[in-house]
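**Q** here is a sequence with its predicted model. Questions after.
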Amino acid sequence: MAIKIKLTSVLVDNQDKALKFYTEVLGFAISKDFDVGGGYRWITVVAPEGHPDVELALEPNANPVGKAFQTGLFQQGIPATAFEVDDVQAEFRRLKEHGVVFTSEPKQMGPMWLAVFADTCGNLIQIYQPSPTS
Amino acid sequence: MARLGRAREMLCEALNRRLTIAEVAREAALSPYQFIRTFKAVFGETPHQVRIQARLELAKRMLAMSDDPVTEICGAAGFASLGSFSHLFSQRIGASPSVFRRQLRARVQVPEDVQRTLYPGCFTLMAYWPDLSKRNFQEAPAARF
């Protein structure tokens, strides 16, 4: 099949702050970072241990539609996206040490472990640990 | 967390009125000290930084979309003096308010395009690149695909 999932994105309220959080705290690596004019940049990051071909764009939420969407999700406690981790408990402890605020501490939901934190850029992000058999 | 989100919205509204940290903290049901600390941990910025940024965004929109004098925009965005507004605007945006307005109008003739310049579209950001040599991923010189 020619169609692929290669790029996804999260809206962020400040690209500098987002780049810092997603690389220095979450541990993603920069893939692209270049100026696109108007004070905005095209920034994508990749997970060092994830699929190298899948990138996450840190998109500015400057468009009012994007901002409304992001604010709505945040206020309803809905994660903007989810990232897989090997060990939710270990990641929870590591992120807490970086001062990350969790809205939901690790808990088991069916076969998965989940936790939700604020990414400092206007989003709630879920981390999940699939069961060994899934 | 929802209350914290509402407090953040409050900081971005009614920008020309005086708002105390105690008022906003009440919205979040926290003491002012707890509010500032939690707000910074969740949003990565202090309440003051968020309000200043919202004021600058409003000023940018008004400069682009209206013919109001800079002095009026300064007041509508909640800045106390023209001097502090111009200084902060130049520092953050890279041009004084009047130069920013001139540059934008020189570049963009169609009103809808002003909107696009101010607000990049989600996923379509690349389509608004001003430099025609960078119209897609492959052609972007700094890109590595």
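**A** Yep, that arrived.
**Q** give me every residue in chain A lying close to chain B.
**A** Residues of chain A lying close to chain B by Cβ under 8 Å from any Cβ of the partner chain are A:9, A:11, A:13-14, A:17, A:21, A:31-32, A:34, A:36-40, A:42, A:59-60, A:62-66, A:71, A:74-77, A:99-101, A:103, A:118, A:120-122, A:124. Glycine gets a C-beta too; all of them are placed from N, C-alpha and C.
**Q** for ChimeraX, what selects the buried ones among these?
**A** Only the buried entries of the residues of chain A next to chain B go into this ChimeraX selection, using 16 or more other Cβ atoms under 10 Å in any protein chain shown:
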select /A:9,11,13,14,17,21,31,32,36,38,39,40,42,59,60,62,63,66,71,74,75,100,101,103,118,120,121,122,124
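**Q** in helices only, show me the residues of chain A next to chain B.
**A** Of the residues of chain A next to chain B, the ones assigned to helices by DSSP state H are A:K17, A:P64, A:V65, A:G66, A:T71, A:F74, A:Q75.
**Q** what's the most distant pair in those residues?
**A** A:K17 and A:V65 (21.1 Å; Cβ to Cβ).
**Q** residue ranges in chain A under the pLDDT threshold?
**A** Scanning chain A with the threshold set as pLDDT under 70 gives A:1, A:133-134.
**Q** again, only this time at 80
**A** Flagging of chain A using pLDDT under 80 yields the residue ranges A:1, A:37-39, A:52, A:63-64, A:131-134.
**Q** chain B now?
**A** Ranges of chain B meeting pLDDT under 80: B:104-145.
**Q** what residue in it comes nearest to chain A?
**A** Ranked by Cβ to the nearest Cβ, the top residue of chain B for proximity to chain A is B:G44, at 3.1 Å.
**Q** distance of that residue relative to A:N14?
**A** Plainly put, B:G44 is 7 Å away from A:N14 if you go by Cβ to Cβ, to the nearest Å.
**Q** which neighbours do those two have in common?
**A** Counting by Cβ atoms under 8 Å, 6 or more residues apart in numbering or on different chains, the residues touching both B:G44 and A:N14 are A:C121.
**Q** if we can go back for a sec, my guess is the residue of chain B closest to chain A contacts A:K17, does it?
**A** Yes. The pair B:G44 / A:K17 is scored as a contact, 4.9 Å apart, by Cβ atoms under 8 Å.
**Q** now do the shared contacts for the two.
**A** Joint contacts of B:G44 and A:K17 (Cβ under 8 Å, 6+ apart) are A:T120, A:C121.
**Q** tell me the centre residue of chain B?
**A** By Cα atoms, centre = their mean, the mean C-alpha position of chain B lies nearest to B:E57, the distance being 2.5 Å.
**Q** in TSV: the ones in helices among the residues of chain A next to chain B, plus distance to B:L63.
**A** Formatted as TSV, those follow (distance: Cβ to Cβ, whole Å):
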residue	distance to B:L63
A:K17	24
A:P64	17
A:V65	21
A:G66	21
A:T71	24
A:F74	29
A:Q75	30
